[in-house]
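>>> Just a sequence and a predicted model for now, questions to come.
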Amino acid sequence: MDNGSNGNGGARLTTAQALVRYLQAQYSELDGVRQRLIPAMFGIFGHGNVAGLGQALYELGDGLSYMQPCNEQSMVHTAVGYAKATRRRSTLACTSSIGPGAANMVTGAALATINRLPVLLLPSDYYATRHQGPVLQQLEHPVSFDVSVNDCFRPVSRFFDRISRPEQLLESLPEAMRVLTDPEETGAVTISLPQDVQSHSYSFPEHFFDECTWRIERRRPDPVAVGSALELLASARRPLIIAGGGVHYSEAWNELQAFAERFGIPVGETFGGKGAMRTASRLAIGGLGVTGRPSAAAVARDADLVLCVGTRLTDFATGSRSLFQHPDVRFISLNVSGKDAHKLGALAIVADAKRGLEALAEGAGELGIRRDESYLAEVEALGASFQARLQREVFPVVTGEAMTQSQLIGILNSSAAPGDTVVAAAGSPPGDLLQLWDATEGRNVHLEFGFSCMGYEIPAGLGVRLAQPDGEVYVLIGDGTYLMNPTELKTAVQEGLKITVVVAENHGYQCIRRLQLNSHGHSFGNEFRRRQQSTGRLDGEFVSVDFAKNAESFGARAWSVRTPDELATALAEARAERRPCVITVAVQEYAFAPASEVWWDVAPAEVSADAETRARRAQYEASRAALQRYYGPARGSTTRTESVADRG
């Protein structure tokens with residue numbers, strides 16, 4: 001179909017061809033470092049995109065590498081893993097056909113947007129012309145003819161557009177690139193492409209395809225906000241820093257460590273901020289929150305000032321707003337997002353983490369703020385006590401007993417070398433890594449716990465490998481996650497992407513079973529057991545799965561191990577391999593890392609005929625009344641906090 005010409009004698013291209021050509025000319029730049037914004041595209045072709053984007057990639061996509069995944073959700077996860085590993089400087093595009101292919105990407109879109117990670121999604125859509133009547137896989141809404149499955153992307157995208165004419169790309173694509181490279185707004189960007197419009201043509205201006213560089217801004221802090229923050233810092237006696245993912249994306253590691261060391265402020269890390277303190281220090285108190293270290297929780301509990309750097313302050317970090325118990329605790333939040341900066345009634349500094357920390361350090365130095373050595377000695381003693389506990393109770397292996405997951409992590413951490421990265425997302429591995437992984441000396445960690453999406457890990461490992469040619473990429477998962485999404489091992493073999501998947505086999509979703517026992521006192525539906533005729537429930541023997549043979553069927557090299565020595569040997573052999581590897585480790589089902597001693601708001605049933613459930617509800621209500629607080633907006637020089645009981 002001829003959609004006309006703008007009369008400028010430009011490049012006559014289809015919508016899909018113009019999109020492919022445009023993407024090859026887009027670059028990002030931060031601090032003078034320039035790189036391709038979207039160097040590759042993942043795609044699974046169907047009738048919705050094979051004649052459009054498929055044809056365009058074949059004819060014009062030499063500078064836009066095409067990769068073939070096994071699942072549409074997985075390709076989004078790979079793009080997100082790549083974006084996180086490049087610290088949001090670069091991402092990948094993902095194309096799907098109409099209907100189920102598009103719908104499969106919605107989960108990945110939600111993950112990207114919740115984690116503030118850029119990804120470009122190009123789902124195909126119904127015929128815009130409607131000459132054909134309802135087409136295969138089209139949703140027929142009874143009221144709105146223009147609604148399609150792709151409208152599901154709207155609430156989980158930071159930018160959404162449906163292209164009904166080729167020339168709409170002239171406005172849509174630059175806006176998409178702007179959002180992808182905006183530290184505050186970034187997330188999933190979705191451009192819905194009706195399958196007929198992909199093949200429609202238009203005479204695009206040649207300059208539309210000129211190279212374009214999108215500079216990533218480092219926003220500087222407002223001096224007034226910095227001055228107010230310094231007043232709070234000068235009066236604090238027990239300050240604490242919470243480091244979030246924004247420290248990594250800003251590359252503010254040196255500024256964070258220098259600020260903490262100079263002014264004597266301990267640093268706790270969120271899932272996204274894990275590894276923000278890159279050098280061993282007595283001020284690095286480790287993972288903070290519901291699955292963090294109890295020693296870190298003890299510091300946070302008595303903090304009178306909390307400086308939050310680049311964190312969204314979700315319930316895992318704040319203990320569902322129960323962690324900070326000092327009666328006059330105050331908050332300062334340094335964040336590129338105004339929304340995040342104002343959480344917990346914080347004094348907001350809306351700025352880049354690196355620039356904000358530089359300004360705070362300069363001002364604190366001028367004020368003569370000094371370290372309190374007695375406070376630091378107390379913090380150091382708490383950390384040393386926890387480390388001694390780990391060496392005494394957690395890491396030693398008992399002869400004749402299966403390893404625990406904590407011991408597995410200890411062995412993996414000891415085997416890791418500078419430049420290696422471990423990836424985790426769902427179940428107990430992210431929490432255990434937050435508490436136990438030593439991310440100093442270049443041992444990187446990549447935790448996705450904003451969406452905590454099972455099935456993310458193996459695809460994301462491929463994304464990390466694409467961004468990180470050197471070092472090992474370890475993917476730590478449970479057997480439940482492996483069963484949900486192992487198929488991208490095929491993609492790893494196909495593309496020659498070496499990852500090592502470590503599967504902790506504990507026969508089910510054991511961390512949720514533990515939560516289940518705590519919340520209503522009974523185990524139900526969380527273990528991989530056979531159905532038992534006598535009960536009619538899934539409470540028989542464990543189901544046996546040979547994960548090693550399954551991995552080998554994809555072309556990976558595989559090991560099944562039970563002892564620490566076998567695991568260490570397998571890790572050493574895997575490091576020497578060039579193909580993907582899978583190591584299955586038998587671990588104890590009911591052994592967990594030390595409790596964080598941080599409360600989490602998971603409400604048991606309010607009414608129940610079961611005595612166990614009633615008891616847990618009563619305990620929950622008592623804890624909530626005693627611990628959960630409202631950290632109101634700061635007014636003047638005081639900030640009042642209230643407990644649930646205060647609010648009635």
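Received, thanks.
>>> Any regions of this structure where pLDDT drops low?
Scanning the chain for pLDDT under 70 picks out the ranges 1-9, 634-648.
>>> OK, contacts around the residue nearest in space to the middle of it?
With distances taken as Cα atoms, centre = their mean, residue 448 lies nearest the centre of the chain, 2.7 Å away. Listed by Cβ atoms under 8 Å, 6 or more residues apart in numbering, the contact partners of residue 448 are 80, 84, 111, 115, 271, 423, 424, 425, 430, 456, 457, 460. (Glycine included, C-beta is placed from N, CA and C.)
>>> repeat for residue 259
Residue 259 neighbours (Cβ under 8 Å, 6+ apart): 241, 265, 357, 360, 361, 364.
>>> Around the fourth one, how many other residues sit close by?
Yep, that's residue 360 we're talking about. 25 (other Cβ atoms under 10 Å).
>>> could you say which helix or strand contains it?
Under the criterion DSSP states H and E, the helix or strand holding residue 360 is helix 353-367.
>>> hey, C-alpha coordinates of that helix in PDB?
Extracted in PDB, the C-alpha atoms of helix 353-367 (Å, rounded to 0.1, in the frame of the first residue of the first chain):
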ATOM      1  CA  ALA A 353      24.300   9.900  42.600                       C
ATOM      2  CA  LYS A 354      27.900  10.700  41.700                       C
ATOM      3  CA  ARG A 355      27.300  14.500  41.500                       C
ATOM      4  CA  GLY A 356      25.200  14.400  44.700                       C
ATOM      5  CA  LEU A 357      27.800  12.500  46.700                       C
ATOM      6  CA  GLU A 358      30.500  14.900  45.400                       C
ATOM      7  CA  ALA A 359      28.500  17.900  46.600                       C
ATOM      8  CA  LEU A 360      27.700  16.400  50.000                       C
ATOM      9  CA  ALA A 361      31.400  15.500  50.500                       C
ATOM     10  CA  GLU A 362      32.600  19.000  49.700                       C
ATOM     11  CA  GLY A 363      30.000  20.600  52.000                       C
ATOM     12  CA  ALA A 364      30.600  18.100  54.900                       C
ATOM     13  CA  GLY A 365      34.300  18.800  54.600                       C
ATOM     14  CA  GLU A 366      33.800  22.500  54.800                       C
ATOM     15  CA  LEU A 367      31.600  22.000  57.900                       C
END
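>>> Show me the chain divided up by domain.
Here the domain parsing of the chain from automatic domain parsing is 2-215, 223-385, 399-507+543-586.
>>> In JSON lines: the ones you listed, plus distance to residue 393.
Output for these, formatted as JSON lines (distance: least, Cβ to Cβ, whole Å):
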{"stretch": "domain 2-215", "distance to residue 393": "33"}
{"stretch": "domain 223-385", "distance to residue 393": "12"}
{"stretch": "domain 399-507+543-586", "distance to residue 393": "10"}
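>>> chain center to the helix or strand hosting residue 296, what's the gap?
Secondary structure assignment for residue 296, by DSSP H and E: helix 294-301. From the chain centre to the centre of helix 294-301 is a distance of 24 Å (Cα atoms, centre = their mean, to the nearest Å).
>>> Following the chain onward from that helix, which element is next?
Using DSSP H and E, the first helix or strand after helix 294-301 is strand 305-309.
>>> can you list contacts of stretch 384-392?
Counting by Cβ under 8 Å, 6+ apart, 293, 294, 295, 436, 594 sit against stretch 384-392.
>>> Of the residues you listed, keep whichever come out buried.
For the contacts of stretch 384-392, a neighbour count by 16 or more other Cβ atoms under 10 Å gives the buried set as 293, 294, 295, 436, 594.
>>> gap between the second one and residue 599?
In other words, residue 294. Residue 294 sits 12 Å away from residue 599, going by Cβ to Cβ, to the nearest Å.
>>> CA atoms only for the strand or helix carrying residue 516, dumped as CSV, please.
Using DSSP H and E, residue 516 sits in helix 510-520. Output in CSV follows, covering the C-alpha atoms of helix 510-520 (Å, rounded to 0.1, in the frame of the first residue of the first chain):
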residue,chain,number,x,y,z
GLN,A,510,11.4,-24.2,49.8
CYS,A,511,11.7,-20.5,50.7
ILE,A,512,8.0,-20.1,50.0
ARG,A,513,7.2,-23.2,52.0
ARG,A,514,9.1,-21.6,54.9
LEU,A,515,7.0,-18.4,54.5
GLN,A,516,3.9,-20.6,54.3
LEU,A,517,4.8,-22.3,57.6
ASN,A,518,5.4,-19.0,59.2
SER,A,519,2.1,-17.4,57.9
HIS,A,520,-0.4,-20.2,58.5
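>>> How far off centre is that helix?
The mean C-alpha position of helix 510-520 is separated from the chain mean by 24 Å, Cα atoms, centre = their mean.
>>> Let me see the ranges of the helices in the stretch 1-150 of the chain.
For the stretch 1-150 of the chain, the helices defined by DSSP state H, counting those that start in this stretch cover 15-23, 53-60, 72-85, 100-104, 106-114.
>>> From the contact counts, what lies against the shortest one?
So the one you mean is helix 100-104. Contacts defined by 3 or more Cβ pairs under 8 Å, 6 or more residues apart in numbering; DSSP states H and E place helix 100-104 against helix 72-85, strand 119-125.
>>> can we see that at 6 Å?
In this structure, helix 100-104 makes packing contacts with helix 72-85, judged by 3 or more Cβ pairs under 6 Å, 6 or more residues apart in numbering; DSSP states H and E.
>>> quick revisit: nearest to residue 585, of the buried ones among the contacts of stretch 384-392?
Closest approach between the buried ones among the contacts of stretch 384-392 and residue 585, by Cβ to Cβ: residue 436, at 15.2 Å.
>>> Quick one: work out the angle between the helix or strand harbouring residue 411 and helix 510-520.
Residue 411 belongs to helix 405-415 when assigned by DSSP H and E. Counting by axes from the mean of the first three to the mean of the last three Cα atoms, to 10 degrees, helix 405-415 points 140 degrees away from the direction of helix 510-520.
>>> In its sheet, which strands sit next to the helix or strand just after helix 405-415, and in what direction?
Heading C-terminal from helix 405-415, the first helix or strand you meet, by DSSP H and E, is strand 421-424. Partners of strand 421-424 in the sheet, by DSSP bridges, are strand 444-447 (parallel), strand 473-478 (parallel).
>>> from the middle of its chain, how far away would the shortest one be?
It refers to strand 444-447. So, by Cα atoms, centre = their mean, the centroid of strand 444-447 is 9 Å from its chain's centroid.
>>> okay, the angle between whatever helix or strand comes next after that strand and strand 119-125?
Scanning forward in sequence from strand 444-447 by DSSP H and E, the next helix or strand is helix 457-467. Using the same axes, to 10 degrees, the direction of helix 457-467 lies 120 degrees away from that of strand 119-125.
>>> residues in contact with helix 457-467?
74, 77-78, 81-82, 85-86, 421, 423, 425, 473, 475, 477, 488, 492, 497, 499 (Cβ atoms under 6 Å, 6 or more residues apart in numbering).
>>> got it, and stretch 287-303?
By Cβ under 6 Å, 6+ apart, stretch 287-303 touches 238, 240, 266, 268-269, 285-286, 316-317, 319, 323, 325-326, 379, 382-383, 386, 431, 434-435, 596-598, 600.
>>> So which elements touch the helix holding residue 360?
Against helix 353-367 (3+ Cβ pairs under 6 Å, 6+ apart) you get helix 223-235, helix 253-263.
>>> Dump these to JSON lines, plus distance to residue 531.
Output for those, formatted as JSON lines (distance: least, Cβ to Cβ, whole Å):
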{"stretch": "helix 223-235", "distance to residue 531": "59"}
{"stretch": "helix 253-263", "distance to residue 531": "51"}
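>>> among the contacts of stretch 287-303, which ones are buried?
Buried, going by 16+ other Cβ under 10 Å: 238, 240, 266, 268-269, 285-286, 316-317, 319, 323, 325-326, 379, 382-383, 386, 431, 434-435, 596-598, 600, out of the contacts of stretch 287-303.
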